[in-house]
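Visitor: The sequence and its predicted three-dimensional model are supplied below.
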Amino acid sequence: MKTRGIWIVLTLVAVAVVIFLSLRRGGPRVPQAYLYDVEQYREAETQVPLPYKETARWPLALREPRAVAVKGDGPVVVVGDRVALVLDAAGEELRRIELADEPRCVAVADVVYVGFLDRIVAYGLDGEKQAEWETLGEQAYLTGLAILGDEVFATDYGQRVVWRFDAEGKMRGRIRSASKSDGFVFPSPTFDVAADGDGLWVVNSGRRRVEQYSPQGKRGTMWGRSSMELDGFSGCCNPTHIAVMPDGRFVTTEKGLPRVKVYAADGTFAALVAGSVQLGQDAGLLDVAVDAAGRILVLDAADRSIRIYEEQPDDG
Amino acid sequence: MIRFPKPDFESGYVLPETQTVAARAAGWETLDVVLLALALAVGTWLVLKHRRRGGIVALMLACLAYFGFYREGCVCPVGSIQNVAQALGDSGYGVPLVVLLFFLLPLLTALFFGRTFCAGICPLGAIQDIVIVKPVRLPAWLRHALGVIPTLYLGVALLLAYAGAGYLVCRYDPFVGLFRLSATLPMLIFGGGLLLLGTVVARPYCRFLCPYGVLLGWASACSWKRVTVTPNDCVQCRLCETACPFDAIRVPSPERESEARWSRVRRMGLYLVLLPALALAGGWTGARLMRELAAVDPRVELVAELDAEALGVKAESGSRSEAFRASGMSEAAARAEADEVKLRLHRAGLGFGGFIGLAVGLQLAGLSIGRRRVDYEPDRQHCLACGRCFAYCPREQQRRKQGSTTEDTEDTKGTRRLLCNMKRAVGTREGRS
Amino acid sequence: MSADRTTSWRETAAWMVLGVAGVFCATLLVLMLASVVQMRNAPPLDTPELQALRELVRQQPEREGLQAQVQALDLLARRAHFAGGNALRVGSGMLLVGLAVLMGAAHVLRESRVGVHAPEKADDAAAADTAPASRRALLGMLGVIVLLALLIPLLRNSPAPVVPPVPDNGAPPVEPDGAENTPCLWPNFRGPGGLGVAADGDPPLIWDGTTGSNILWRTAVPRVGFSSPIVCGNRVFLSGGDASLREVYCFDADDGSLQWRHPVTGIEGSSDKLPDVTDDTGYAAPTMAGAGGRVFALFATGDVVALDHAGERLWGRCLGLPDNPYGHASSLIAFEDLLFIQIDDNNGGRLLALNVADGTTAWQVKRDVEACWSSPVLIQTARGPELILNGNPNVAGYDPRSGALRWSEECMSGEVAVSAAATDDIIFIANEYAVLVALRVTDGPERLWEYDEDLPDVASPVAGAGCLFVPTSYGLLTCFDAATGSQHWSHEFDEGFYASPVLAAGRIYLVDMEGVMHVIKAGPTFELLASNPLGERATSTAAFVGDRIYIRGAKHLVCIGAARE
Amino acid sequence: MTDNDQKQTSRREMLRLVGRVGVLGCLASLAGMLTGRLRAGCIEAGPACKGCPDQDGCDLVTPPTVWQLDPAKCTQCGQCATDCVLAQSAVRCFHTHALCGHCKLCFGYFEPGARVLSSAAENQLCPTGAIQRRFVEDPYYTYTIEKDLCIGCAKCVHGCGMFGNGSLYLQVDHELCKNCNECSIARRCPANAFERVPVSEAYLLKGQGEEEGH
């Protein structure tokens, strides 16, 4: 009688243990409804041809590279870590210019203009400091530089204006949005400018479009649409950077779904240069420049390198 | 420097602050310690001086309500052993003073006055105590066999905490989910099953699982004062024999010995000679066991995942390997860390297994010693000081009667019944002889 | 009398309460358990219907009424989620109260029965007799614990750790970046980096293929080939082929059983025309490569395939028919997510990097060289990993990530088939009718020393232990001081060498064409440790993983290892 | 006989005394070791040292601590919603408005690819609809978390971190957290983002003065 009770008890324990163990297996799974899913948009990137190939990658000895610029077919300048590196067209380091502060953006013609948070400093290609321009105030937060003729334009994310300087650093004026309801919106510091014969091309990232301005600040055409599809700009604030190709086409870069894309001169989508498969899903802001030969230089800060893309007919 | 300048609001919109609710203030933790100390003091007085089950039950319910349902189980002395073990193994981890006191106070009490903590303060014990309905007596062999489990559990839990692999005891705490009214299904089944079992096998968790109980038992085995069944001398009435639901009352040893002395001595000698072998076997088992158990460590888990991926097994989303790659840590470092954990557990398991082997060997040898016992007395190590046996003792009834008025209370009613029983029992014995 | 009546009244009441509370608790418990199980198995927020409907809306945004449906279903789901949680909270509170009542009643009942049972009949012997049973139980428990410790690995049923995941602290410097991510311990021709150095392990010294001593298994390979085995995890991969069919084989490393064979057919762009190959090159001369759970195979037809370890084809591609006087022989090597292919044929050379994921060309560089048969090797230099290609007339170093040419040195001539050896940033390269040269490659190629007698023409040299070992196809093995080029010793064997030597556990393992593997101490004094016959001819380089050697003979794949007792 | 018994009893008492002293010694040295180490200085990077630049400011004993998760390490795997011992997870989404871009098209709020920027269910990301979207002025919107609805799944955190400024992030809400001795989310967190922090600094809110690099 007594022993039978014990065996019943033991059986109970054993059953409990078995149930317990069997339920432990696997562990809780996260329901699909809780997962953020942009896979279909990444998938779309793999469905289109990639006419541009990464032909070289220049590793940079910088912890945090910030911006890249190129002068025609001449030197390439990269800034970051309080230094500006001047590279030749093959990526070999020609010169190293020590900077006093953390650089934010750069433009290069015969002079290297380095944009800091609130001011621009000009250096010669030989590394000689030529001039330090006046500060733009406490609110300033420079994010992009462009050279048009003998004038320099700087985008100021903090004050939502594009500053206009002459070559000596004298302020000539500023470009600001005409109306607030259709003006510049920058949820994050993604405000870039590029220049070509038609004037300035300013990224209005909060509205996912590129706007053309005359040097005097008159708005011209604009292009770009908000979409997760390949031909539009995804996310809340894209594109992040822009460059103009010698033939008038545009190169844009995007964050979120990292993409480098080429748009025709009229703003229609032309090609995907690289997507998240090539750049990695965690690529940050990608600055971009184009040299006279049409090579696209993408600054991959996460990879600490410059990726060179060239159009190639087909590899057969 | 603000990274994101405020949008140019013109409507006078003011950015709201992020609202946070403060954590429970530190003062409350101090209150917990004070209450614990107070409860231990009151409990000790109830068990050793007052000697009434009613008071102990009241204390038990109060503690169950406060430490169990109000404080919802954390931190408890049972879990605190792991914090202490982790602090010993990891110089980067400091035990908060509160936790240290939670660990020490019940042990010190046990060292001087027996397991008062188990009797009426531990919420895990209390919830099992109130579900005891019809306790069965377990045979001695079963008690001895199952009695190894808590020591084993203690060892495994301490080693894992020492190596920083997590808190096993907290993870498999069966009752904390009941206190919070929120538990995973497996834990609910585990806790519910134990309670169901607890209706017939009294306090199964306390006796056959609780790791802190092992430490308390050791301390209690060499305690200064202790619970006794009788307030003065034992009259050998045998009435208390069935009083203890935990089989912790030891009966007097028989007049004539069942086995010749020399054969006992010889066997004891044999076990003592076997000790090193047992320790070695224990060490080997421990090392092996701990090496396997290292798999529960997150660092080892990560490397296992990486290995599986290398073999082509896709990890699911949200896996450790995915986060690991995002962190940019080097794989060699991760592997070195995991190997270190494994090695540490392996070594610690070797030592601990050896210790277990030794302890069981000594227990085996001890079982061969015929210890003479003349009176009915609670087992020093296993008595939970619940006070159930008091009312069964006629001498205790006498004491209470002398001390109390002639009012016909529940107690005196019980006494009458018991004395009547006693007479009957003595009568049968005389009749037989 | 009155006491009895009270007792029975209390008892009756307690029984009633007990019954009611019991039924209440049981019902509640069943309901709650059902609810918990349902919430667990089908979380309301994650109903497939809702997911499907949301997907539908995304695809057909213009369709009428869909939005309303989603909104309705979504509202239901949210309500179910929060209501379920609330119900459980309330339910558990009620259950607790019910249980308290139940226990109270049970205690009242028990109280009323206290004292009814007298102590049991005394049997004095029982108390003393528990000791032996307890002793037995304790010993039994110990046994159970030991058994448990033995069984736990089986219970966990984890995939047996077939890959010893231990690049020791002293991982060889030649190991390419990213090798630690791959489970392939012998990932390509001549092992890690293609340098002929085994990372660790202690392969046997003595065996005999004619008697089977220290031979773990021997499995026939269906089709011939001069490619060498590669080892990934517990699998050995080989390629083989003839004019009718090219195949990839996978063997179990533990027992040698053929796991699967994969015919390389149906590749887009692959023509039916076969290349002209000689009998001692064949269709399957390039050794495979493995990385990231994939293996890759290339054949003289220019077909390249990627397979997973289960033998499923991930992609296949034809690179065009190589125009090569003997047949294409250069082996594959993978690095990070790229697979490198050196195709130097009569049309000029090219170096291709294919994305391992899909086989698309990541980059491609033209090489101005003659046809050759050597294989790329990968070394670690101060400026990062570098791919070394031997060719006629140039030896060249490339950046494996971009394909950028880092340096090039004109020093080879003839029919180049030998691949490089290397220690740190010094590479050793040689070919018959040319020269043996040591180049320091970091600061532009700098010639350290040269030697122009007894040059190899098929087998490649191997460097290690401060020495360079150079085998020739007429059986001469020469040992040089790696730093100065002075000759330590030279020894003539009976047979010539086509297979390349491998340095493992401080010994040089070199198999001659008759299948006799000579084991020589790797050091400045010549010491022949053993000569072990395989039992068949051998021209492929063996793979060394752990304490085992996998070698391809003329007909069989053979695994050499110390037999387990 | 009695004499023998007494001898035995006193022998046992002696043994007990020895045992007692032994255990007492063990406990005392344990306590001394654990508090002594704290007294000697700070345990490196332990909770006692949080927030003080040098060791002088450290407490002599470790203060009470609570669980918190570091948003910088979080990978938004979604397990916070499922792994808490509580039916409703103690981890919830927090919002630092100062970091918010106040976008009209918020990727923490809308499904990627939402065509209409309305609060309709098919456009919303949050499985429980716990985010409130309100118009401020053209072109700005403000977003607030309804705490009682948030289940801590981090879906919005992922969207906002990927495309936006990362102003949405997860935190352990101490209104709910039971402060388990071993946090069951911490144990399974793939990114090891959970840590114990002093009770006085119970939250690791984003945007507290520091400028983050991007």
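Guide: The structure has been received and is ready for your questions. Numbering: from 1, shown residues only, chains lettered A, B, ... in the order given.

Visitor: how far away is residue D:136 from chain A?
Guide: For residue D:136, the distance to chain A equals 13 Å [Cβ to the nearest Cβ, to the nearest Å]. For the C-beta atoms, the positions are set from N, CA and C on the backbone; glycine is no exception.

Visitor: hang on, residue C:425 packs against residue C:444?
Guide: No: Residue C:425 sits out of contact with residue C:444 when judged by Cβ atoms under 8 Å, with a separation of 11.5 Å.

Visitor: Look at the two and report which has more neighbours.
Guide: residue C:425 (17 against 10; other Cβ atoms under 10 Å in any protein chain shown).

Visitor: count of neighbours near residue C:456?
Guide: Residue C:456 has 23 nearby residues by other Cβ under 10 Å.

Visitor: and residue C:273, how many residues sit next to it?
Guide: Neighbour tally, residue C:273, other Cβ under 10 Å: 7.

Visitor: Same check on the one 10 residues further on?
Guide: Around residue C:283 there are 28 other residues, counting by other Cβ under 10 Å.

Visitor: How about chain C: which residue is closest to chain A?
Guide: Proximity of chain C to chain A (Cβ to the nearest Cβ) peaks at residue C:46, 3.5 Å away.

Visitor: my read: residue B:199 touches residue B:136, true?
Guide: No: using Cβ under 8 Å, residue B:199 is not in contact with residue B:136; the gap is 10.0 Å.

Visitor: residue boundaries of the helices in chain C?
Guide: Applying DSSP state H to chain C gives helices spanning C:2-41, C:48-59, C:66-113, C:124-155.

Visitor: Dump these to TSV, plus mean neighbour count.
Guide: TSV is the format used below for those (neighbours: other Cβ atoms under 10 Å in any protein chain shown):
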stretch	mean neighbour count
helix C:2-41	13
helix C:48-59	15
helix C:66-113	16
helix C:124-155	15
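
Visitor: Please render the ones you listed as TSV that adds mean pLDDT and distance to residue B:276 to the earlier fields.
Guide: Formatted as TSV, the helices of chain C follow (pLDDT from 0 to 100; distance: least, Cβ to Cβ, whole Å):
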stretch	mean pLDDT	distance to residue B:276
helix C:2-41	80	51
helix C:48-59	83	62
helix C:66-113	85	49
helix C:124-155	73	15
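
Visitor: Take the ones you listed and write them to a markdown table, including distance to residue A:270.
Guide: Listed next are these as a markdown table, based on distance: least, Cβ to Cβ, whole Å:
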| stretch | distance to residue A:270 |
| --- | --- |
| helix C:2-41 | 50 |
| helix C:48-59 | 27 |
| helix C:66-113 | 34 |
| helix C:124-155 | 59 |
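
Visitor: Among these, which comes closest to residue A:269?
Guide: Closest to residue A:269 of the helices of chain C is helix C:48-59 (Cβ to Cβ; 21.3 Å).

Visitor: The spatially closest residue to residue A:199 that is not a sequence neighbour and residue A:184: what is the separation?
Guide: Spatial nearest neighbour of residue A:199, excluding adjacent residues (Cβ to Cβ, 6 or more residues apart in numbering or on different chains): residue A:214 at 5.0 Å. Distance, residue A:214 to residue A:184, using Cβ to Cβ, to the nearest Å: 16 Å.

Visitor: Up against chain C, what does the stretch 101-250 of chain B have?
Guide: Contacts of the stretch 101-250 of chain B with chain C, taken as Cβ under 8 Å from any Cβ of the partner chain, map to B:130-131, B:133-134, B:139-146, B:148, B:152, B:178, B:181-182, B:185, B:188, B:238-239, B:241-242.

Visitor: quick revisit: neighbour count: residue A:214 and residue A:184, which is higher?
Guide: The neighbour comparison of residue A:214 against residue A:184 (other Cβ under 10 Å) goes to residue A:184, with 23 against 13.

Visitor: does the more buried one really touch residue A:159, like I thought?
Guide: No: using Cβ under 8 Å, residue A:184 is not in contact with residue A:159; the gap is 10.0 Å.

Visitor: what about the helices of chain C, which gets the closest to chain D?
Guide: helix C:66-113 (3.9 Å).

Visitor: So which elements touch that closest one?
Guide: Contact analysis of helix C:66-113 by 3 or more Cβ pairs under 8 Å, 6 or more residues apart in numbering or on different chains; DSSP states H and E lists helix C:2-41, helix C:48-59 as its packing neighbours.

Visitor: okay, the last one in CSV with CA atoms only?
Guide: Taking Å, rounded to 0.1, in the frame of the first residue of the first chain, the C-alpha atoms of helix C:48-59 are listed here in CSV:
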residue,chain,number,x,y,z
PRO,C,48,-1.6,34.4,-40.6
GLU,C,49,-4.8,35.8,-41.9
LEU,C,50,-3.8,39.3,-40.9
GLN,C,51,-0.3,38.9,-42.3
ALA,C,52,-1.7,37.6,-45.6
LEU,C,53,-4.3,40.4,-45.8
ARG,C,54,-1.6,43.0,-45.1
GLU,C,55,0.5,41.5,-47.9
LEU,C,56,-2.5,41.6,-50.2
VAL,C,57,-3.0,45.3,-49.4
ARG,C,58,0.6,46.0,-50.2
GLN,C,59,0.3,44.3,-53.6
